[in-house]
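Participant: I need the structure of the sequence given here:
(one chain, ligands or ions: 2)
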Amino acid sequence: MERELRVSKIAEGTVIDHIDAGRALYVLKMLGLTGSEGLTIAVVMNVPSKKLGRKDIVKVEGVILRGDQVSKIALIAPSATINIIRNYEVVEKVKVSVPPLVEGLLRCANPSCITNQAGEPVRSRFHVVSVRPLRLRCEYCGAELSHEDVVSQLVGGRE
Ligand code: CTP
Ligand code: ZN
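Facilitator: Ligands and ions are numbered 1, 2, ... in the order given. Take a look at the predicted model:
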């Protein structure tokens with residue numbers, strides 16, 4: 001008897017595996033994928049995983065991620081593995097990592113922070129205080145961002 005949930009292998013593209021359970025849709029939204037592009041996309045949520053207990057998986061045919069997209073996935077799902085698939089084979093596997101310093105990707109929540117002043121060419125810089133749960137601290141004003149703040153900035157609001 002077939003007891004495993006199976007999702008077809010993909011021919012060419014990207015498999016984002018070991019996403020924290022429940023976060024696959026944030027990853028898709030951050031990538032700007034809605035389904036209306038016509039790409040073949042598989043989303044699996046809350047399946048058993050040896051490493052994580054439960055995990056989500058996103059498979060996108062015909063897409064190779066850019067570096068900034070990989071950095072953003074690390075902030076949404078710090079355990080994720082990015083697999084690049086060519087001709088049905090995994091040709092590259094990258095475990096994402098949250099860097100100690102996150103530069104230029106996020107806005108400070110403090111409106112009077114120097115990084116938010118019009119005309120100030122100051123790139124945001126956040127130090128990672130904790131990965132799980134994610135907490136970042138602005139280098140300039142000390143304001144903190146939570147994982148929820150980061151997700152809402154990267155996916156454009158949580159519904
Ligand atoms: N995968 C896929 N299509 C392919 C090849 C792989 O959808 N043509 C998927 C697999 O289903 C798996 C992920 O890509 O979810 C990684 O594949 P693989 O490295 O073969 O699996 P594992 O060894 O289990 O990966 P890990 O060690 O990262 O857990
Ligand atoms: Zn700040």
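Participant: Find the helix or strand that residue 69 is a member of.
Facilitator: Here residue 69, judged by DSSP states H and E, is contained in helix 67-76.
Participant: residues in the protein within reach of ligand 1, list them.
Facilitator: 9, 10, 15, 17, 57, 59, 81, 83, 85, 88, 90, 93 (CB under 6 Å from any ligand atom). Yep, even glycine has a C-beta here, placed from its N, CA and C like the rest.
Participant: Skip the chain neighbours and tell me the closest residue to the last one.
Facilitator: Leaving aside its sequence neighbours, residue 93 sits nearest to residue 83 (CB to CB, 6 or more residues apart in numbering; 5.2 Å).
Participant: rewinding a little: pipe the residues of the chain next to ligand 1 into a markdown table and attach distance to residue 50 and secondary structure per row.
Facilitator: Formatted as a markdown table, these follow (distance: CB to CB, whole Å; DSSP: H, G, I helix; E, B strand; the rest coil):
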| residue | distance to residue 50 | secondary structure |
| --- | --- | --- |
| 9 | 19 | coil |
| 10 | 22 | coil |
| 15 | 17 | strand |
| 17 | 12 | strand |
| 57 | 14 | strand |
| 59 | 19 | strand |
| 81 | 13 | strand |
| 83 | 16 | strand |
| 85 | 21 | strand |
| 88 | 23 | coil |
| 90 | 18 | strand |
| 93 | 16 | strand |
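Participant: Quick check: mean pLDDT of the helix holding residue 69?
Facilitator: Averaging pLDDT along helix 67-76 gives 96.
Participant: How far off centre is it?
Facilitator: Averaged C-alpha coordinates place helix 67-76 at 5 Å from its chain's average position (CA atoms, centre = their mean, to the nearest Å).
Participant: For it, which helices and strands make contact with it?
Facilitator: helix 24-30, helix 147-155 (3 or more CB pairs under 8 Å, 6 or more residues apart in numbering; DSSP states H and E).
Participant: closest to residue 64 out of the ones you listed?
Facilitator: helix 24-30 (15.2 Å; CB to CB).
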